[in-house]
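S.K.: Compute the structure for the input listed below.
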Amino acid sequence: MNTQPLILVVDDESSIVTTLKEILEDEGYRVETLSNGSKTVEKIGQLIPDLVLLDIFMPNCNGITLLEQIKKEYPNQKVMMISGFGNISIAIESVKKGAVDFIEKPLNIDEILSKINFLKDKKTKNKLSAEEIQINNLEKLGVIGKSYLFLELIHQINQIKNLNYPLLIYGEHGTGKTLLAKYIHKNSNLKDYEFVTVNCSTLQEKNIITKAENFFEDKKGILYIKHINNLSFTVQKNLLNLLDRYKNQEQKIIASSTVPLFKLVQAGVFNSSLFHKLNITPIEVPSLNKRKYDIPLLCDYFLKKENQKHKKSIALNTKSLRLLRNHHWQGNVTQLKNTISQIVSLSEKDDNVINVTDIINFLGEKQTQLIEEQSFLRFSSLKEAKNEFEKKFLIYLLKKNKYDIKQISDRLDLTPIQLRDKLLKFNIEIKQT
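M.R.: The predicted structure is shown next:
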């Protein structure tokens, strides 16, 4: 894998493009070029460059408008503007809109190399290279990504994976918290020992403590406590006692939560001592909508898996891939995976190329089914589904009754205090009437 920084040059002046390409390649950069600004966003999605050098003025293309479009679709994409003589004020305006810097024409070679030197910063290069080495291990587990946020996440995990402290992983449903916990296990100094999962959404609470006790007494390795936010206050105290009692260098605790535990502590529904014991090295997994850069990679990965499974050769053309990339994925990676699975399994041809019309028709015809299935996929237990329904029902009642606590509590046969406790439990804001 070539880890040299990749630069995309977008300029309609062939002399500028040729000069930049020669200079940058001589300095060890990889360079791709475009003379048409209209294809820039599409090209970024294909290449995932480390830097875009973008001319401010091109025929039929406003560089500032294009910059805004790039930053909208790829918030973390680094863009440096190429400014002609007399356009400095516009170039400065572009920096305010998200550009990292600008370079002026006529080109000053030393200035250009100085301004892009951050791409070759030894610290950054070593850091990214270290994460790139882990890509194959990640892909084996289905954890896919090369975006800035993703590599930052992996870097953070690699920094703390061998620390003998509890690790707390936050993230929305479907972001891959369990896969990351397994990745930590396989790449830590405990990889030769067991990985034991305790799912707080599916196990009865007495069985949760029993399984945890068995781990601490008889096993070495990692105990993964999934959906710890679903534990009752009593079981939280029992778990805290276990953590205080057992301190083994060959045992590590990883817990995951779909909601910030600190908010539950503030609401009085999560044990503060347990929170502080677990929150030593917190990790937050970004939603798929925050790292859309990775969607083409994920689509490619899931397509290969599904084609192999169904013995087909289904492909996505560029426009359909862009449509999927710009879609809002409420169910995150899990929803995207399920969508690709349905596209492949429902395709009538074994070698069909899926276009935009196919995607729109598919999403249109299957929208109700998709929403329903994705809502089910978010839950791993009846308890979790009931909690979600209860939360939405409470929000509905609050809006319908104009946040009249007394009126709502009477309808639900609860005291106002009991109702407020429920609202705090689900982190529902109580507006003043």
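
S.K.: In stretch 304-316, which residues are buried?
M.R.: Neighbour counts over stretch 304-316 (16 or more other Cβ atoms under 10 Å) mark Glu306, Asn307, Lys312, Ile314, Leu316 as buried. Bear in mind the C-beta positions are built from the backbone N, C-alpha and C, glycine included.

S.K.: Also stretch 419-428?
M.R.: Going by 16+ other Cβ under 10 Å, stretch 419-428 has these buried residues: Leu419, Arg420, Lys422, Leu423, Leu424, Lys425, Phe426, Ile428.

S.K.: can you pull the contacts of the first one?
M.R.: So that's Leu419. Ile405, Ile408, Ser409, Leu412 (Cβ atoms under 8 Å, 6 or more residues apart in numbering).

S.K.: just the buried members of those?
M.R.: Ile405, Ile408, Ser409.

S.K.: on that earlier part again, as JSON lines, the buried residues of stretch 419-428 with secondary structure would be great.
M.R.: Listed next are the buried residues of stretch 419-428 as JSON lines, based on DSSP: H, G, I helix; E, B strand; the rest coil:
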{"residue": "Leu419", "secondary structure": "helix"}
{"residue": "Arg420", "secondary structure": "helix"}
{"residue": "Lys422", "secondary structure": "helix"}
{"residue": "Leu423", "secondary structure": "helix"}
{"residue": "Leu424", "secondary structure": "helix"}
{"residue": "Lys425", "secondary structure": "helix"}
{"residue": "Phe426", "secondary structure": "coil"}
{"residue": "Ile428", "secondary structure": "coil"}
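
S.K.: tell me which of those residues is nearest to Lys140?
M.R.: Distance to Lys140, by Cβ to Cβ, is smallest for Phe426 among these, at 37.0 Å.

S.K.: Isn't the closest one up against Glu390?
M.R.: Yes - using Cβ atoms under 8 Å, Phe426 is in contact with Glu390, at 7.3 Å.

S.K.: May I see the buried residues of stretch 316-326?
M.R.: Going by 16+ other Cβ under 10 Å, stretch 316-326 has these buried residues: Leu316, Ser320, Leu321, Arg322, Leu323, Leu324, Arg325.

S.K.: give me phi/psi at Asp410?
M.R.: Per-residue torsions, Asp410: phi -60, psi -40 (degrees, to the nearest 10).

S.K.: Could you do Thr197 as well?
M.R.: Dihedral angles for Thr197 - degrees, to the nearest 10 - are phi -100, psi 130.

S.K.: now Ser347
M.R.: Dihedral angles (degrees, to the nearest 10) for Ser347: phi -70, psi 130.

S.K.: Do I have it right that it meets Ile354?
M.R.: Yes - look at Ser347 against Ile354 with Cβ under 8 Å: they come within range, at 7.2 Å.

S.K.: Next, show the common contact partners of those two.
M.R.: Ile314.

S.K.: Pull out the buried residues from the helix or strand hosting Ile340.
M.R.: Taking DSSP states H and E as the criterion, Ile340 maps to helix 332-346. By 16+ other Cβ under 10 Å, the buried positions in helix 332-346 come out as 332-344.

S.K.: what packs against that helix?
M.R.: helix 295-310, helix 356-377 (3 or more Cβ pairs under 8 Å, 6 or more residues apart in numbering; DSSP states H and E).

S.K.: how far does that helix sit from the chain's center?
M.R.: Distance, stretch centre to chain centre, for helix 332-346: 17 Å (Cα atoms, centre = their mean, to the nearest Å).

S.K.: With stretch 401-408 instead?
M.R.: How far stretch 401-408 lies from its chain's middle: 37 Å, per Cα atoms, centre = their mean.

S.K.: Isn't Thr281 up against Leu163?
M.R.: Yes - with contact defined as Cβ under 8 Å, Thr281 reaches Leu163; the gap is 6.4 Å.

S.K.: quick one: which of the two has more around it?
M.R.: Between Thr281 and Leu163, counting by other Cβ atoms under 10 Å, Thr281 is the more crowded of the two (17 against 12).

S.K.: Quick one: residues contacting the closest residue to that one other than its chain neighbours.
M.R.: Leaving aside its sequence neighbours, Thr281 sits nearest to Ile160 (Cβ to Cβ, 6 or more residues apart in numbering; 4.7 Å). Contact partners of Ile160, counting by Cβ under 8 Å, 6+ apart, are Leu167, Thr281, Ile283.

S.K.: The helix or strand hosting the last one pairs with which strands, and in what direction?
M.R.: Think Ile283. Secondary structure assignment for Ile283, by DSSP H and E: strand 281-284. Using DSSP bridges, the strands paired with strand 281-284 in its sheet are strand 167-170 (parallel).

S.K.: relative to helix 332-346, how tilted is the helix or strand just after the strand it pairs with?
M.R.: Downstream of strand 167-170, the first helix or strand assigned by DSSP H and E is helix 177-186. On the basis of axes from the mean of the first three to the mean of the last three Cα atoms, to 10 degrees, helix 177-186 is oriented at 110 degrees to helix 332-346.

S.K.: Which strands and helices lie in contact with helix 177-186?
M.R.: helix 135-140, helix 148-160, strand 167-170, strand 194-199, strand 221-226, strand 251-257.

S.K.: quick one on the thing from earlier: out of the buried ones among the contacts of Leu419, who's nearest Ile44?
M.R.: Once Cβ to Cβ is applied, the member of these that ends up nearest Ile44 is Ile408, at 48.9 Å.
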